[in-house]
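*Asks:* Kindly generate the corresponding structure for this input.
(2 chains)
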Amino acid sequence: MFGAICRVQWKGSAAAVALLAAAAFIVPLLAVQQAGFTAGDFRTWDLVVMLSAVESAGALFPILAIILGLTLSVGAWSADHQADHVYALTLPIPRWHYVLLRFGAGLVLILPVMLAVGLGCAVAVGSIDVPEGLRAYGSSITLRFGLAALVSYAATFALAAGTKRTAATVFGIVLALIAIAMLLDSLGVSANLLDVVANAMFRRPGPFEVLAGPWMLIGV
Amino acid sequence: MSSASARWCVAAGLLLAAAPALPGQTPEEQAHIARLTRRYEERSAHLEQAIERAAPLVDSIRIGPLWILSDSVASARLRDAAATLDRMLRDELGGVTVIGSAAPKIIVRFAAPSISWGRLIAGDAQFVALPFGASTAQLARQLAHAVQTILGLRAGASFAAWGADLRLFADQQPLFEATNVELRTASVPGATECLEGRLDACARALNLPSSAGDLDAAADIRRFVTLRLSHRSAEPALAESYAACVHQEDDDACLRFLERAGVAEPALSARARGTLLITMRVLGGTDAFARFFADTGAAIVPRLEAGAGAPLDSLLGTWRTAVLAQHPPPPTLTATTQWLVFAWVVAFAAMATRSTRWR
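*Replies:* Now for the predicted structure:
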């Protein structure tokens, strides 16, 4: 059954996965090219600037991971949502089992994009001589990308598994937080509500810690 | 004059007072600088008088020659902070003797909680504006910064010309980590050779007088001129030396260009130079800064040697070892982060199975 669900999900998401894999392959190449590492003269005054360029280009990795997670989670549920979950309800398996099969199929589809990142990093790093004192972190970036896509996918999958009402509640809470923060700010109360929420999400032990911070393909 | 504009005026005045006429300044610019300097001096004198008038009315704390003046608000906290400062001075600087015999003043003003923290320097006095709610630790930190500034202003011409950041009470690790990155990436004359272990090259990279004449510095200087100063290539006084430096690769022309452009030979940043002072303190013990400040008229190298109680090579060797030891952590994921991601993925998957759609 898992194979069948994988095939169905692959058919629905193949184009998006292929597109994202292509983008994932290009991003590392873009990072070294943007930074000027391919120009040949590494011992320049702008090595710090070059590292900044690597960092800027590295910001594309978490964005790509989020897009991948979102695409796969939406793709995982789109068929069921369109058919009002009739197919799922006719299957002779418990609901939790069906959800995990869907979840697992989405996880499998992360792999090609993760591999594309790894391949892109390898080609990008292989195409340059990493300057003295600096190191390439291709495998680290690939692993991090995989984990970032995984957690993004899991979070959006859980949200998509719920009803429209659940999704609306979550978005409502987010909007309410923003509105309350703006109101407090206009009243001169420095509650830093959004900072608190952002810290809870993006700092340890928050779920999206892996997305935060610089993504350096080349670093010291 | 508002406090903000006064602050800018004083800051600009200080910078201008410290900078004599630069080559290439027009008479209009020099007249403008003179006007600003006069305004700064008038403003300083006015503030000094205000301090003298205010002094008897406010709460005052003495730490050796140092005066800390304040209104009576938060007096107890300020006294605790002063005691902390006293301890910091004793631990880091071997006491207050380093401040000298003059009586510098730190004037602390408490204001509304929303005030932005700020400091204003006027002659021997420093104004520190703080919110009412500032904790003892925050007060002590601000007082320490004020003392640091006082010392920086009294550190003498050789120190000012060398241009190091004086960071007496800062967390050292980030400073050394940043210096490590800088040494590996800045590519200033001497940096690579310093990494390889040549101490005279380290001196040159740190903008200290050096005998490292045979360094491969010409290429570095040419890159600096090409990448950072090309916008001045069309200036009539510089065009010839720029062309000879960049196009004909004439090393002497590069140095001539820098000299005529009024630009110093590139070196590691003031922050990196500041780490040499921290190393001097480590080598020389708590009295290191007292010795460093003992003769502010001397050249920088003898002062550093006196502070460290060791020859320059030894100081540079210790500095280099300390910098290389502080390699910043690589941008890799920790095992904890990886396990946390898996824990969250399991939690989200569990949430999905418990979704309201299925109940």
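
*Asks:* Quick one: find the helix or strand in chain A with the lowest mean pLDDT.
*Replies:* helix A:86-90 (a mean of 75; mean pLDDT, DSSP states H and E).

*Asks:* which residues of chain B score low on pLDDT?
*Replies:* B:1-26, B:43-59, B:72-74, B:101, B:111-124, B:187, B:211-217, B:356-359 (pLDDT under 70).

*Asks:* before we move on, the earlier item: mind checking if the least confident helix or strand of chain A is in reach of chain B?
*Replies:* No - Helix A:86-90 is not in contact with chain B by C-beta under 8 Å from any C-beta of the partner chain; minimum separation 9.1 Å. Glycine gets a C-beta too; all of them are placed from N, C-alpha and C.

*Asks:* CA atoms only for that helix, dumped as PDB, please.
*Replies:* Extracted in PDB, the C-alpha atoms of helix A:86-90 (Å, rounded to 0.1, in the frame of the first residue of the first chain):
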ATOM      1  CA  VAL A  86     -14.000   9.100   0.700                       C
ATOM      2  CA  TYR A  87     -11.100   6.900  -0.600                       C
ATOM      3  CA  ALA A  88      -9.300   7.000   2.800                       C
ATOM      4  CA  LEU A  89     -12.500   6.200   4.700                       C
ATOM      5  CA  THR A  90     -13.100   3.100   2.600                       C
END
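
*Asks:* For stretch B:128-135, what is the distance to the chain centroid?
*Replies:* Per C-alpha atoms, centre = their mean, to the nearest Å, the displacement of stretch B:128-135 from the mean C-alpha position of its chain is 23 Å.

*Asks:* show me the contacts for residue B:332.
*Replies:* A:137, A:140 (C-beta atoms under 8 Å, 6 or more residues apart in numbering or on different chains).

*Asks:* helix, strand or coil for it?
*Replies:* coil (DSSP: H, G, I helix; E, B strand; the rest coil).

*Asks:* just the strands in chain A please.
*Replies:* Using DSSP state E, the strands of chain A run over residues A:135-136, A:218-219.

*Asks:* Show me what from the stretch 251-359 of chain B comes close to chain A.
*Replies:* B:266, B:327-328, B:330-333, B:336-338, B:340-341, B:344-345, B:347-349, B:351-358.

*Asks:* Go through these and flag which are in helices.
*Replies:* Using DSSP state H, the members of these that fall in helices are B:336-338, B:340-341, B:344-345, B:347-349, B:351-353.

*Asks:* could you flag which of those are buried?
*Replies:* B:337, B:340, B:341, B:344, B:345, B:348, B:349, B:351, B:352, B:353 (16 or more other C-beta atoms under 10 Å in any protein chain shown).

*Asks:* State the number of residues packed around the residue lying closest to residue B:242 once chain neighbours are set aside.
*Replies:* Using C-beta to C-beta, 6 or more residues apart in numbering or on different chains and skipping residues adjacent in sequence, the residue nearest residue B:242 is residue B:233, 4.2 Å away. Residues contacting residue B:233 under the criterion other C-beta atoms under 10 Å in any protein chain shown number 17.

*Asks:* same question, residue A:187
*Replies:* 9.

*Asks:* that older thread, what is the most widely separated pair among the buried ones among the ones in helices among the residues of the stretch 251-359 of chain B next to chain A?
*Replies:* B:337 and B:353 (25.0 Å; C-beta to C-beta).

*Asks:* on that earlier part again, which ones are touching the residue nearest to residue B:242?
*Replies:* Here residue B:233 is in contact with B:239, B:242, B:243, B:246 (criterion: C-beta under 8 Å, 6+ apart).

*Asks:* and the second one, which of the three is it?
*Replies:* In three-state terms, and counting by three-state DSSP, residue B:242 is helix.

*Asks:* who's in contact with it?
*Replies:* Residue B:242 neighbours (C-beta under 8 Å, 6+ apart): B:225, B:229, B:230, B:232, B:233, B:253, B:257.

*Asks:* With residue B:337 instead?
*Replies:* Taking C-beta under 8 Å, 6+ apart as the test, what residue B:337 contacts is A:147, A:204, A:209, A:210.

*Asks:* Show me what counts as buried in stretch A:195-204.
*Replies:* Neighbour-count burial for stretch A:195-204 [16+ other C-beta under 10 Å]: residue A:197.

*Asks:* same question but for stretch A:134-150, I mixed them up
*Replies:* Buried residues in stretch A:134-150 (16+ other C-beta under 10 Å): A:134, A:136-138, A:140-150.

*Asks:* With stretch B:270-277 instead?
*Replies:* For stretch B:270-277, by 16+ other C-beta under 10 Å, it's B:271, B:272, B:273, B:274, B:275, B:276, B:277.

*Asks:* what about the helices in chain A?
*Replies:* A:2-35, A:47-58, A:60-82, A:86-90, A:95-126, A:138-161, A:164-186, A:193-202.

*Asks:* Just the CA trace of stretch B:176-189, in PDB.
*Replies:* Taking C-alpha atoms only, stretch B:176-189 is exported to PDB below (Å, rounded to 0.1, in the frame of the first residue of the first chain):
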ATOM      1  CA  PHE B 176      39.500  36.600  19.400                       C
ATOM      2  CA  GLU B 177      37.100  34.600  17.200                       C
ATOM      3  CA  ALA B 178      36.500  37.700  15.000                       C
ATOM      4  CA  THR B 179      40.200  38.400  14.900                       C
ATOM      5  CA  ASN B 180      40.800  34.800  13.800                       C
ATOM      6  CA  VAL B 181      38.400  35.200  10.900                       C
ATOM      7  CA  GLU B 182      40.000  38.600  10.000                       C
ATOM      8  CA  LEU B 183      43.500  37.200  10.000                       C
ATOM      9  CA  ARG B 184      42.400  34.400   7.700                       C
ATOM     10  CA  THR B 185      40.400  36.500   5.300                       C
ATOM     11  CA  ALA B 186      41.500  40.200   5.500                       C
ATOM     12  CA  SER B 187      44.600  39.700   3.400                       C
ATOM     13  CA  VAL B 188      46.300  42.700   4.800                       C
ATOM     14  CA  PRO B 189      50.100  42.900   4.200                       C
END
